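Peer 1: sharing a model that was predicted from the sequence below.
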Amino acid sequence: MNLLGHFEQTLLLSLAAGEDEATGLSIAAHLEEQTGRRPSPGAVYTALNRLETRGLVRSRLGDPLPQRGGKARRHYKLTAAGLASARRIHAAMSNLAGSLPLKQKP
Amino acid sequence: MRWLVRLALRAGRHGDALDEIAGDIQVMADATERLSGRRAARRRALALAIRSSADAWQLRITGRVRDGISAETGTGDGLMLSMFRDAAIGLRLLARSPGFAAAAVLMVAFGVGANTAIFSIVNAQLLTPLPYRDAGRIVFVCGWDLEANESRFNLPLPDMLDLRDAGIFADVIAYRYWSASLTGHSMPERLQGYYVTGNTFAMLGIPAAIGRPLVPRDAAQLPARVVVLSHAAWVSHFGADPAIVGQRITLDGQPHEVVGVMPASFEFPVFNFKGDFWAPYVIDEAAARAQRASAPSITVLGRLKDGDSTGAAQAAVTTVMDRLRAEHPDANRNLGASLIQMQELGLEEIRPALIAIMGAVWLVLLLACANLANLLLARGISRRRELAVRAALGAGRGRLIRQLLTESLMLTMIGGLAGALGAWWLLETLRASLPPFIQSVMPNLQELRVSGRALGVALAASVLTGVLAGILPALRASRDAGGDAMRVRDGSSQGSRRAAGALVGLQVALSVLLLCGASLLARSFANITSVDPGFNGRDVLTMSVTLPAARYADAGARRQFYERALERIAALPGVESAAAVNVLPFSTYNRGGDVTLPGAAAPVRTDWRVETPAYLSTIGVPIVRGRGLTAADRAGALPVAVINREFERRYFAGSAPLGTVVRMGDDAFTIVGVAGDILHDSLVDGPSPELHVPFAQQPVGFMMLAIRAPRPLDHVLAVRRAIAETDPQQPVFEVDTLDTLVHRSITPQRQVAGIMTVFAFAAAGLALVGLYALVAYGVRQRTREVGLRLALGATPRLVVAGMMGGAVKLIVVGTVAGVLAALAAGAALDTLLFGLPSIDWMTFAGVPLALIVAAALASYLPARRAARVDPALALRD
């Protein structure tokens, strides 16, 4: 069983929607914008790692940046499999969301 | 702060992602700093770090984490997940109020740490079996004085043989102290060792570290010139050279082959020095049985037969001893034997002290518990709105209680961890700082550390504290959270205040109890130190000089050695007088014998001092009647003796002792004087009868020197040199001052009193802080009420009185309860106390008074603040 958790799905969607390459920081900012809650860096990177080991995401080290003490920042990008996953999730969610408005209490 | 962030991050085990996460946190903290300053930035960084670690674990374990589209399901999360979530929320809340968290953690750390440390000591001393094979079945067979009804520890050799032959034990071992001169090295040295029967090491079941232990054939025939070294002696005297095995060393002038070295962990089972070496004890059984009266005394241990109880063995031993007493009425007069579990020996004295301290630390933990409960109660009040929101959103009462309990448990677990670390550090320090004297006699020293068992106690104490301290506030807060609480302003509820008050009352009571205990011990200790030992130990240098029997077989040679050495020492600049005696007071040694008084049927016991004429004057003991010993009491002159007042009081009631002739064995002494009493073993017990006889007439080979000189320790080298000039082969040992010897005898009492005092003051401090916090909190909660009263015309004094009223009631009730408990506990401490009336009013009145004053002050200070409230501001708030 290797089901994706919903936070990981959210990350996939964010990566698919955002720029070509994203950083942990930009993903967190994007999620805050879109969902109203900013995930912690620990959550973001742990989830990205999990996605990477499943072959849905790949990463590379960027150029060193001055504002982080000369440390390089890691850039993340969907793999082909990742993009396919994101598409399936998006389609399913949209279909579901299409059946709005929600009914009142049963 | 920075290190806290790092610590929090490390807890997440982020691996490669650590740098990224730290970098992102930095970026966000920098943004916060630009907006709201450095403090806020630091707090945000810590909160982010904690959340990152918590989230990372949650994600790994559950695959889920809270995000913008997570839905609260209320139920069905599974216990693990929800507990985890509770912990994460708790951590976040704690990070938001670091002051509270630090106070709570420190308090618990102190309580748990003290408990862990003390438990470790108790564990090593009372609970851990000694490290011998089947140690529980090994017993000391001690001589028992049927007349005085007390243990004599040793048993005459023939009785050991008879007991062994009676077949009561599976095995019997015996040993005998041997203090030997080690020569052939640069400086002659004194080693403490034992002659042991050949089966000793086999019974203890401990192999040698190098070479072999002694075996039965070593003791089979004379001359038995082999020896096994202790690890300590091997290191300090032979440079830890493994090649020493097989070599010969010279003990008391005789060569001995070293056949083995015992491991460092090996402790010889004695109630005295653990020993530097062991040599085979070759016993001439026929000779020993033929001369029962003059047979040596030895230490005897037996291994119980399988399935045999100590009681059954004791009965069998008693039967044998009864028979021996009938067969040898002289040699075995009043001699019985008692079996003592190896573990129990020497514990009668320290057990009550350890139990008292154990009780004290549990009380301190209880106090910490009560204080934490109070802190949590106060927090519960200020969190009412938060909890009400949760309750309104559907959290059940059970769920809220679990959340609050998780938080308190988290605090106590962190505190417990800190406490365990503190205890570990404390014990390491303690073990390293124990004086060598204690190290050489304290059993099971290796076990004096924070063991797995002690960690278990620390864990249990932490959990217990967390639940005890958390349950009441949790119940209270969760109940308050129902109903209309959301609309209520943050104000204190009557119930919460009452619960907090009860806790403070409990704290006051507990600290009165502890303070009374400490006061009793401290006053008893002061009484002990003010006891007059009967001599003046100031400026007296002491040391032991024991002549090896091989070189000093002749009485004239022994007399000549000590007299010449003393002459040389007395002539040293700065030395006022120099003397020698067979046993100095408080040297932990004693010598005694039976004397027969004229006309008496049976002899009586007396301590026995052999001394040079200047001895009593050197240590400042007065002659109260007749004369002291003089240089004229030489060999060949009339044998004389001086008795002490206790001897006179006990054995010469109504008659004059001077001129009486008393007999000791084959010797007869004419009493020529009466000297003052000298306390010998302890300041607590009264004097024993003493018989002083001149060394010149009884030239023994073991003497201790007493040298009166200002700044005594400055003279050690010169004295050693004077002795070396007399005999270059002769070692000197146990160099001390007489004051130090006395001082050392009361070390346990001083330590117990010191530890209790520390705990008592810590407890009182905790209680006062609790009281202060309670009143201060009340003042803050009732600001509006106070403002209203002031606005309606109440005087500040009335307001302060109103705020303090409740506190004073608590203090009084708590103090009375504490005194009652202390009166009960005082009875339990009885064996540790000395020179106090059965109810020590100084303690039972003074301590409560002092605490009432301190407590009143602790509640007055915050109450005063209430009177300064500005009514206008308070009402508008």
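Peer 2: Looks like it came in fine.
Peer 1: residues of chain B that sit close to chain A?
Peer 2: Within chain B, the residues that sit near chain A (C-beta under 8 Å from any C-beta of the partner chain) are B:12, B:14-17, B:19-21, B:23-27, B:30, B:48, B:51-56, B:59-60, B:62-70. For glycine as for every other residue, the C-beta is placed from the backbone atoms N, C-alpha and C.
Peer 1: just the C-alpha atoms of stretch B:307-317, please, in PDB.
Peer 2: The C-alpha trace of stretch B:307-317 is given here as PDB (Å, rounded to 0.1, in the frame of the first residue of the first chain):
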ATOM      1  CA  GLY B 307      16.800 -25.200  51.500                       C
ATOM      2  CA  ASP B 308      18.100 -24.200  54.900                       C
ATOM      3  CA  SER B 309      16.700 -20.900  56.400                       C
ATOM      4  CA  THR B 310      18.800 -18.500  58.400                       C
ATOM      5  CA  GLY B 311      16.500 -19.200  61.400                       C
ATOM      6  CA  ALA B 312      17.100 -23.000  61.200                       C
ATOM      7  CA  ALA B 313      20.800 -22.400  61.000                       C
ATOM      8  CA  GLN B 314      20.700 -20.000  63.900                       C
ATOM      9  CA  ALA B 315      19.000 -22.500  66.000                       C
ATOM     10  CA  ALA B 316      21.600 -25.200  65.200                       C
ATOM     11  CA  VAL B 317      24.400 -22.700  65.800                       C
END
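Peer 1: buried residues in it?
Peer 2: Residues of stretch B:307-317 classed as buried: B:313-314, B:316-317 (neighbour count, 16 or more other C-beta atoms under 10 Å in any protein chain shown).
Peer 1: what do you get for stretch A:46-58?
Peer 2: Neighbour-count burial for stretch A:46-58, counted by 16+ other C-beta under 10 Å, picks out A:46-51, A:56-57.
Peer 1: quick check: the farthest pair among the residues you listed?
Peer 2: Across the buried residues of stretch A:46-58, the longest distance by C-beta to C-beta is 14.4 Å; it joins A:T46 and A:L56.
Peer 1: what subset of the residues of chain B next to chain A is buried?
Peer 2: B:12, B:14, B:17, B:20-21, B:23-26, B:48, B:51-56, B:59, B:65-67.
Peer 1: apart from its chain neighbours, what residue comes closest to B:L366?
Peer 2: Excluding its sequence neighbours, the residue lying closest to B:L366 (C-beta to C-beta, 6 or more residues apart in numbering or on different chains) is B:L510, at 6.1 Å.
Peer 1: output the below-cut-off pLDDT ranges for chain A.
Peer 2: The model of chain A has pLDDT under 70 over residues A:1-2, A:19, A:65-71, A:99-106.
Peer 1: got the end-to-end distance for stretch B:569-579?
Peer 2: Here the two ends of stretch B:569-579 are set 9 Å apart, with distance taken as C-alpha to C-alpha, to the nearest Å.
Peer 1: what does chain A put close to chain B?
Peer 2: So chain A meets chain B at A:3, A:5-8, A:10, A:24-25, A:28, A:31-32, A:34-37, A:39-50, A:67-68, A:71, A:73-74 (C-beta under 8 Å from any C-beta).
Peer 1: just the buried ones from those residues?
Peer 2: Among the residues of chain A next to chain B, the ones that count as buried by 16+ other C-beta under 10 Å are A:5-8, A:10, A:24-25, A:28, A:31, A:39-50, A:68, A:71, A:73-74.
Peer 1: so of these, which ones are in strands?
Peer 2: The strands, defined by DSSP state E, take in A:73-74 from those.
Peer 1: now, the buried ones among the residues of chain A next to chain B that are in helices?
Peer 2: Using DSSP state H, the subset of those located in helices is A:6-8, A:10, A:24-25, A:28, A:31, A:41-50.
Peer 1: coming back round to it: in helices, which of the buried ones among the residues of chain B next to chain A appear?
Peer 2: Using DSSP H, the subset of those located in helices is B:20-21, B:23-26, B:48, B:51-56, B:59.
Peer 1: burial count for B:L91?
Peer 2: B:L91 is flanked by 22 other residues according to other C-beta atoms under 10 Å in any protein chain shown.
Peer 1: the biggest helix by length in chain A - contacts with which helices or strands?
Peer 2: Ranked by number of residues, the top helix in chain A under DSSP H is helix A:80-98. The criterion is 3 or more C-beta pairs under 8 Å, 6 or more residues apart in numbering or on different chains; DSSP states H and E, and the helices and strands that helix A:80-98 contacts are helix A:6-17.
Peer 1: one more time with 10 Å
Peer 2: Using 3 or more C-beta pairs under 10 Å, 6 or more residues apart in numbering or on different chains; DSSP states H and E, the elements in contact with helix A:80-98 are helix A:6-17, helix A:41-53, strand A:57-64, strand A:72-78.
Peer 1: got the angle for the longest one vs helix A:6-17?
Peer 2: Meaning helix A:41-53. 80 degrees (axes from the mean of the first three to the mean of the last three C-alpha atoms, to 10 degrees).
Peer 1: what packs against helix A:41-53?
Peer 2: For helix A:41-53, the packing partners by 3+ C-beta pairs under 10 Å, 6+ apart come out as helix A:6-17, helix A:24-35, strand A:57-64, strand A:72-78, helix A:80-98, helix B:2-10, helix B:18-36, helix B:38-62.
Peer 1: just the first one next, same as before
Peer 2: Taking 3+ C-beta pairs under 10 Å, 6+ apart as contact, the helices and strands that helix A:6-17 lies on are helix A:24-35, helix A:41-53, strand A:57-64, strand A:72-78, helix A:80-98, helix B:38-62.
Peer 1: ok, 7 Å please
Peer 2: Under the contact criterion of 3 or more C-beta pairs under 7 Å, 6 or more residues apart in numbering or on different chains; DSSP states H and E, helix A:6-17 touches helix A:24-35, helix A:41-53, strand A:72-78, helix A:80-98.
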